[in-house]
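> Build me a model from this:
(2 chains)
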Amino acid sequence: MTLTSYIFGIVSALLILAVVVELLRRRHLRERHAIWWFVAGLLALIAGVFPDTLVWASHLVGVEVPINLVFFVSIAILFLVCLQHSSELTQLESKTRTLAERVALLELAQKERETSE
Amino acid sequence: MPAFNEQASVGDVVREVQQKLPGVTVLVVDDGSADATTQVATEAGALVATLPFNLGVGGAMRVGFRYALENGFDAVVQVDSDGQHDPAGVPALLAGLDSADLVLGARFAGEGDYAVRGPRQWAMKLLAAVLSRTAGTKLTDTTSGFKASGPRAIALFAEHYPAEYLGDTIEALVIASRSGLSVAQVPVAMRPRAGGVPSHNPLKAATYLGRAALALVFAFIRPKSTYRVGGSV
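As a prediction, the model looks like this:
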């Protein structure tokens, strides 16, 4: 590994973490949405600063080429994020539905009051 | 009466219901229609609740049940706004409520000559067999939208009425049965629809079979107590 790629890995990881922290700070990201991105950035930083941990971890789980472990973990994290989003979308839809139903009933009640006056 | 883009027929249906069943409250739930459904129904003399966007039959029906609950109605009868349901069948449905919490208007139980074939029929047969067993009574037409609900069913459906595909028929029946409500059916006649086009297409029918089976499976594996739509109280 060249020094350039070593530094590039660390800088990328720090950039990810900085963006996540900044979004959290400005309240553009809620904690529960940030958690996966934070984990991803932290893992990237660890693997960037200590490349040996990556080699050690891939031996541990029996992955022959360490970079494949990186791909596997990245895909797993993206998958979990997508799943979390789908689940929250479903909850939001059901809340919107309840709101829409309530609005319709309130409008109806208001209309009934107006006609009875 | 759930209505989605039914301006062609909803007015006549409302008038017919009021003429054949004097004294009933007709509530049309306009399910986010893009046409003049709300105006036509209002002019025909119905109460109209207008949803801000399309929610599907499940959403429209829950509005109806909630309205009934909040205004102290004893019975709710669901009538399609395309004119397929003959309001003359309503008294028979209501009579059935004396001995059951939920009464279905069954289309194949002798009255009328409504018939379906192919995958759609298999789907209906399968559903009928499974749901009859769950409800503990013989049901032949489980996807009928022509239903009467008593006070206990109203209270349940005002809170739990699924918006999923086929949720308004299959899943609602499963929810009702598992909550200990009694279900019964009475034969009703069906008429050809007054407006709109029916879906008769082998591919669509096969899709219907698949989705019906899926809807059925999920209706059963959902937890009973934690099933709360929207967490509404």
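
> Three-state assignment for the most centrally placed residue in chain B, please.
Most central in chain B under Cα atoms, centre = their mean is residue B:145, positioned 3.1 Å from the mean C-alpha point. Assigned with DSSP: H, G, I helix; E, B strand; the rest coil, residue B:145 falls in the coil class.

> which residue packs closest to it, ignoring adjacent ones?
By the measure of Cβ to Cβ, 6 or more residues apart in numbering or on different chains, the closest residue to residue B:145 outside its immediate chain neighbours is residue B:80, 5.3 Å from it. Bear in mind the C-beta positions are built from the backbone N, C-alpha and C, glycine included.

> can you pull the contacts of the one you found?
Remark: with contacts taken as Cβ atoms under 8 Å, 6 or more residues apart in numbering or on different chains, residue B:80 is in contact with B:1, B:2, B:13, B:145, B:146.

> Turn those into a markdown table, including pLDDT.
Converted to a markdown table, the contacts of residue B:80 look like this (pLDDT from 0 to 100):
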| residue | pLDDT |
| --- | --- |
| B:1 | 85 |
| B:2 | 87 |
| B:13 | 88 |
| B:145 | 80 |
| B:146 | 87 |
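
> Quickly find the element holding whatever residue of chain A ends up closest to chain B.
As assessed by Cβ to the nearest Cβ, chain B sits closest to residue A:98 within chain A, at 3.5 Å. For residue A:98, the host element (DSSP states H and E) is helix A:66-116.

> Please point out which parts of the longest helix along chain B sit buried.
Scanning chain B for the longest helix, with DSSP state H as the assignment, gives helix B:202-221. Counting neighbours by 16 or more other Cβ atoms under 10 Å in any protein chain shown, one finds that the buried residues in helix B:202-221 are B:205, B:208, B:209, B:212, B:213, B:215, B:216, B:218, B:219.

> ok, so of those residues, who is nearest chain A?
Proximity to chain A was ranked across these by Cβ to the nearest Cβ; first place goes to residue B:218, at 13.1 Å.

> mind checking pLDDT for that closest one?
Taken from the predicted model, the pLDDT recorded for residue B:218 is 79.

> what do you get for residue B:228?
You'll see residue B:228 listed with a pLDDT of 43.

> cool, and residue A:98?
The score at residue A:98 is 89. That number is its pLDDT.

> how close does it get to residue A:35?
When Cβ to Cβ, to the nearest Å is the yardstick, residue A:98 and residue A:35 sit 27 Å from each other.

> Which of those two has more residues huddled nearby?
Neighbour tally, residue A:98 and residue A:35, criterion other Cβ atoms under 10 Å in any protein chain shown: the higher count belongs to residue A:98, 18 against 15.

> filter the contacts of residue B:80 to the buried ones?
Burial of the contacts of residue B:80 was assessed by neighbour count (16+ other Cβ under 10 Å); the buried members are B:1, B:2, B:13, B:145, B:146.

> ok, of those, which one's closest to residue B:24?
Sorting the buried ones among the contacts of residue B:80 by distance to residue B:24 puts residue B:1 at the head of the list, at 10.9 Å, by Cβ to Cβ.

> so how far is chain A from that closest one?
As for residue B:1, its distance to chain A is 13 Å (criterion: Cβ to the nearest Cβ, to the nearest Å).

> what does chain A have sitting close to chain B?
Within reach of chain B by Cβ under 8 Å from any Cβ of the partner chain, chain A has these residues: A:94, A:95, A:97, A:98, A:100, A:101, A:103, A:104, A:105, A:107, A:108, A:112.

> Out of those residues, who's the most crowded?
Neighbours here mean other Cβ under 10 Å. Within those, the largest count is held by residue A:101, at 30 neighbours.

> thinking that residue is in contact with residue B:59, fair?
Yes. Counting by Cβ atoms under 8 Å, residue B:59 is a contact partner of residue A:101 at 6.0 Å.

> Residues that sit against both of those two, list them.
Residues touching both residue A:101 and residue B:59 (Cβ under 8 Å, 6+ apart): residue B:51.

> How about residue A:44, nearest residue that isn't a chain neighbour?
residue A:13 (3.8 Å).

> Now do the same for the one you found: its pLDDT.
The predicted local confidence for residue A:13 comes out at a pLDDT of 91.

> And the helix or strand harbouring it, what does it pack against?
Using DSSP H and E, the element containing residue A:13 is helix A:3-25. Contacting helix A:3-25 under the criterion 3 or more Cβ pairs under 8 Å, 6 or more residues apart in numbering or on different chains; DSSP states H and E are the following elements: helix A:31-49.

> Having no further points to raise, I will conclude here.
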